[in-house]
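# I would like the atomic coordinates for the input below:
(one chain, ligands or ions: 1)
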Amino acid sequence: MKYSGVIILLILVHSALWAQKTFTVDASKVGSEIQPDMYGVFFEDINFGADGGLYAELIKNRSFEFDQPFVGWTPFGDVKVMDEDPCFDRNPHYVRLNEKGLRRGTGLENVGFTGIGFKQNNTYRFSFYARSLDGAEKKFRIELISDNNTIGKENLLVSGSDWKKYECTVKAGETALKGKIRLVLETAGEVDLDHISMFPTETWKNRENGLRKDLVEALYDLNPGVFRFPGGCIIEGNTLETRYQWKNSVGPVENRPLNENRWNYTFKHRFFPDYYQTYGLGFYEFFLLSDDLGAEPLPVVSCGLACQYESTECVAVGDLQPYIDDAVDLIEFANGPADSKWGKVRAEMGHPEPFHLKYIAIGNEQWGEGYVERLIPFMEAIQKKYPEIKIIGTAGPAPDGENFDYLWPKMKELKVDLVDEHYYRSPEWFLENAERYDSYDRNGPKVFAGEYAAHPRSRDNNVAGAIAEAAFMTGLERNADVVHLATYAPLFAHFDAWQWKPDMIWFDNLNVVRTPNYYVQQMYAQNVGTNVLSITSGGDIISGKDGLYASSCIDANTSEIIVKVVNASAEIQTIDISLRGLKGTIQDNQVLVSCLHSNVPEAVNTLEAPNNIIPTNTFINTNKNNFQLKALGNAFYICKLKIQP
Ligand code: AHR
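This next block holds a predicted model:
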């Protein structure tokens, strides 16, 4: 009896210690500056993120340039692929329809990217380039189809034997998730067609050649500080010929030459032979989007090495000049005056003002001496012409190991401005590595965590992964003097056409699902602060003891103190948070607390329940300069309070 009483007492003492913690924020010393663009996004055309995703074009293979020219299309009647006397020299294929006046008709259907999404009462801008071979007027019927029913219809009249653009607007009478479009030549005779295109009229900012509004809204709501594009592995190419060449992605969309998308065959178990890059979403659109989002553009260019996972192909160092020119010309495209060679291209596309590019990354996940010796001439050329541009080198594909250990000292020697680190690791790794940057050299290049994501065993975007990322990110914030930029990866995935997961934002043809990982990024990006504040428990940084993690910062512009707390354990923990050295009082004696939490670590957001896991807001009262947070298990908190002088 006596013995069991002692045990109960010990248990009570233990649980009291476990349950009650004190964190102290020192507001008397304003610490390192936090980069305003610290948290951002990384866009790559993977998982049908561009064509079939962010890029709002609804027609697949609109220019008949896929290796199999009818992919995406079902021709009926007499339809042939041609390339003589084409409309567009860099996309020379087109179709010739020969309607003989028989009852079956001549035309084509297109199924879009996993079907075409139509919304009831929304309108769609349809267009094609056409010529009537004998010049006489020919009538086309354009139909929106759902389940073999016509849900929208318009006519287009084509006349004249020269290539011309024809357009009409079609209204959808019903909603369809996986519709298709049908074009029927109704008049007997021959007509050539090319670049058959259809966009929702309502795109982001209602631009023609626009982006999907709901997907850009999801990006906008994140408040990203930086926007890395266009990849990833796709900038390298599996062969040098198929690398991303930005110059092919600007100018009139109709004449941007098609490229393969390496993610069509990278994973044999996720094989998408119909995955190509039209470059309709090209570098001009990327810069414009960065501008719209208020994010710093951060382009990545090939360094003359094809993807080292897939190939040993490389350009000899002495032959790199065209690649170096591409990098230098890109800076001119972004920032040069409207009368410079590449600034003029930008101006002609509609943006005479510069895009104020500050960063350029040379190479993606490269490794070995071959990378270092190629990076040097790029750096020399860029620094000579644009000394103000920050150059980003890479630490290879992994956050540790031989390549990493070789590259970091080399990057220091070369004095790159930032080093791009990538880590796709388990949630446990993220939890165990929150102190990763506490011991980094303060005098070397800065860190750009350019691709990272917690990969649970299920590879789902679940709460456990999101909470582990939030915990790890307290270490990014605490070390903001070393870590200057961080972008989760990948960004987008189509539910019916993904190759890689987890991903930050999922979508189908009509709907968007923001993941718990999205909300973690959003909570950080909306609460960046301007300077780090010290937060400790018993004099130590808070980075994993009892599953707790914390960081703190001040926003000198708004006089707000922001405390980020992660409880990665399953238990509720009561934390007394004490603010020392405050110069002023806490407005309304209140703290705004945002919380992302679930009792179920495996919980996810789905198409059926997109708001299953979302942040919630409450206020808690302060007592003098203290407040108490009852931190639920598997939870990420942002506590924000305003200081009045
Ligand atoms: O984000 C997906 C891929 O992961 C990127 O293309 C590449 O850089 C990394 O290996």
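# please count neighbours and contacts with C-alpha atoms only from this point.
Fine.
# which residues of the stretch 401-550 of the chain lie near the ligand?
Residues of the stretch 401-550 of the chain lying near the ligand by Cα under 6 Å from any ligand atom: 489, 490.
# for the ligand, what's the nearest residue on the stretch 401-550 of the chain?
Of all residues in the stretch 401-550 of the chain, residue 490 sits closest to the ligand, at 4.6 Å by Cα to the nearest ligand atom.
# what of the stretch 201-350 of the chain?
Closest residue of the stretch 201-350 of the chain to the ligand, Cα to the nearest ligand atom: residue 232 (3.3 Å).
# that residue and residue 362, how far apart?
11 Å (Cα to Cα, to the nearest Å).
# okay, buried residues for the longest strand seen in the chain please.
Longest strand in the chain, counting residues (DSSP state E): strand 189-200. Neighbour counts over strand 189-200 (16 or more other Cα atoms under 10 Å) mark 189, 190, 191, 192, 193, 194, 195, 196, 197, 198, 199, 200 as buried.
# can you name the residues bridging to residue 168?
residue 126 (DSSP bridges).
# hmm, I typed the wrong one, I wanted residue 580.
The partner list for residue 580 in beta bridges (DSSP bridges) reads residue 26.
# give me the distance between residue 392 and residue 289.
21 Å.
# out of these two, which sits in the busier spot?
For residue 392 versus residue 289, neighbours defined as other Cα atoms under 10 Å are more numerous around residue 392 (28 against 19).
# you'd agree the more buried one is in a strand?
Yes: applying DSSP: H, G, I helix; E, B strand; the rest coil, one finds residue 392 inside a strand.
# quick revisit: okay if I get the buried residues of strand 189-200 as TSV plus distance to residue 401?
Converted to TSV, the buried residues of strand 189-200 look like this (distance: Cα to Cα, whole Å):
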residue	distance to residue 401
189	66
190	63
191	60
192	57
193	54
194	51
195	48
196	49
197	48
198	48
199	47
200	48
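# closest one of the residues you listed to residue 130?
Closest approach between the buried residues of strand 189-200 and residue 130, by Cα to Cα: residue 193, at 4.5 Å.
# ok, that closest one - contacts?
Going by Cα atoms under 8 Å, 6 or more residues apart in numbering, residue 193 touches 94, 95, 96, 97, 128, 129, 130, 131.
# from those residues, which is closest to residue 296?
Once Cα to Cα is applied, the member of the contacts of residue 193 that ends up nearest residue 296 is residue 128, at 35.2 Å.
# can you tell me the closest non-neighbouring residue to the closest one?
residue 196 (4.4 Å; Cα to Cα, 6 or more residues apart in numbering).
# buried residues in stretch 347-357?
Here stretch 347-357 shows 347, 351, 352, 354, 355, 357 as buried, counting by 16+ other Cα under 10 Å.
# isn't the third one right next to residue 346, touching?
Right, the one you point to is residue 352. Yes: using Cα atoms under 8 Å, residue 352 makes contact with residue 346 at a distance of 6.5 Å.
# which residues of the chain score low on pLDDT?
By pLDDT under 70, the weakly predicted segments of the chain are 1-19.
# and the chain, which of its residues are near the ligand?
Selection of the chain residues close to the ligand by Cα under 6 Å from any ligand atom yields 231, 232, 233, 364, 365, 489, 490.
# would you enumerate the residues in contact with the fifth one?
For residue 365, the residues meeting the contact criterion (Cα under 8 Å, 6+ apart) are 232, 233, 394, 395, 396, 397.
# just those: which are in strands?
residue 394.
# pick out the most distant pair among the contacts of residue 365.
Spanning the widest gap among the contacts of residue 365 are 233 and 395, at 14.6 Å by Cα to Cα.
# quick one: which of the two has more around it?
residue 395 (29 against 24).
# my read: the more buried one touches residue 408, true?
Yes: with contact defined as Cα under 8 Å, residue 395 counts as touching residue 408 (5.9 Å).
# identify the contacts common to those two.
Shared contacts of residue 395 and residue 408 (Cα under 8 Å, 6+ apart): residue 419.
# where does residue 330 fall, phi/psi-wise?
The phi and psi torsions at residue 330 (degrees, to the nearest 10) take the values phi -60, psi -40.
# for residue 357, see how far away it is.
For residue 330, the distance to residue 357 (Cα to Cα) stands at 10 Å.
# before we move on, what about residue 259?
From residue 259 across to residue 357, the span is 26 Å (Cα to Cα).
# show me what the residue lying closest to residue 642 once chain neighbours are set aside is bridged to.
Leaving aside its sequence neighbours, residue 642 sits nearest to residue 560 (Cα to Cα, 6+ apart; 4.3 Å). Beta-bridge partners recorded for residue 560 (DSSP bridges): residue 555, residue 642.
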